[in-house]
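> pasting a predicted model and its sequence here:
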Amino acid sequence: GDSVTQMEGPVTLSEEAFLTINCTYTATGYPSLFWYVQYPGEGLQLLLKATKADDKGSNKGFEATYRKETTSFHLEKGSVQVSDSAVYFCALRNYGGSQGNLIFGKGTKLSVKP
Amino acid sequence: NAGVTQTPKFQVLKTGQSMTLQCAQDMNHEYMSWYRQDPGMGLRLIHYSVGAGITDQGEVPNGYNVSRSTTEDFPLRLLSAAPSQTSVYFCASSYGGTGKNTGELFFGEGSRLTVL
């Protein structure tokens, strides 16, 4: 079945460092890909998304490119801030293979130190 | 603009007790779902619904029941609580089908359940 694998955390960075969180997926057909963010004590909110190959999603300085040839959707940010400390989830939604349910990776906790 | 509303936010139960987690959305979304979040496990789908009167099982449905009598509401029932059901529960909704559906799920703030 469809699945998402993302890098294990936790990840600890200093402020202004470069961030990469790796995400790869397995799916039939052409899923949509998402990054969700969960701040402490809150629910999940959409960070960015891409719906087809070579699309780049971007928001709040974060970017991810849908790479079908490598089945990847890595999250990047050039300069992280303390306020970016959160748990990040990669997810896919595949109306062809998973009844349209959102399938999540296990999450990567990011801590940014001043 | 309430979005997805979950109640209660916190609940403590004893083993064997039953309870219902409430979920309501005001966005006229066809699709609704319940996830549980456990440390190191990410979010796992419990049950979902693609419209009023239609429900189906997700990855971890055992011990939970759902119903969808209206478009707005999707309650999750624990029939006989067990310590293994200690978790944080999230309700989420989205448009269904094509058209308005961008695939994005909208989440509630979560309900933290402890079963002693």
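Yep, that arrived.
> okay, CA-based contacts and neighbour counts for the rest of this
Fine.
> what about the residue nearest to residue A:11 when sequence neighbours are not counted, neighbour count?
Counting by C-alpha to C-alpha, 6 or more residues apart in numbering or on different chains, residue A:11 lies nearest to residue A:110, which is 4.8 Å off, once chain neighbours are set aside. Residue neighbour count, defined by other C-alpha atoms under 10 Å in any protein chain shown, stands at 20 for residue A:110.
> one more: residue A:1?
When neighbours are defined as other C-alpha under 10 Å, residue A:1 has 7 of them.
> state the distance from it to chain B.
Taking C-alpha to the nearest C-alpha, to the nearest Å as the measure, residue A:1 falls 11 Å from chain B.
> just give the closest residue to the spatially most central residue of chain B, not the sequence neighbours.
For chain B, the residue nearest the mean C-alpha position is residue B:34 (2.6 Å; C-alpha atoms, centre = their mean). Residue nearest to residue B:34 in three dimensions, not counting chain neighbours: residue B:91, with 4.5 Å by C-alpha to C-alpha, 6+ apart.
> who in chain B is up against chain A?
Taking C-alpha under 8 Å from any C-alpha of the partner chain as the test, the list of chain B residues beside chain A reads B:40-44, B:90, B:103-110.
> how about those residues in TSV, adding secondary structure and pLDDT?
Converted to TSV, the residues of chain B next to chain A look like this (DSSP: H, G, I helix; E, B strand; the rest coil; pLDDT from 0 to 100):
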residue	secondary structure	pLDDT
B:40	coil	80
B:41	coil	81
B:42	strand	86
B:43	strand	92
B:44	strand	93
B:90	strand	96
B:103	coil	76
B:104	coil	85
B:105	coil	89
B:106	strand	92
B:107	strand	93
B:108	coil	95
B:109	coil	93
B:110	coil	95
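> now do the same contact list for the residue nearest to residue B:34.
Contact criterion C-alpha atoms under 8 Å, 6 or more residues apart in numbering or on different chains gives B:4, B:6, B:23, B:32, B:33, B:34, B:35, B:107, B:108, B:110 as the residues in contact with residue B:91.
> next one: residue B:13
Residue B:13 makes contact with B:81, B:113, B:114, B:115, B:116 under the criterion C-alpha under 8 Å, 6+ apart.
> which of the residues you listed sits closest to chain A?
Distance to chain A across the contacts of residue B:13 (C-alpha to the nearest C-alpha) is lowest for residue B:113, with 13.8 Å.
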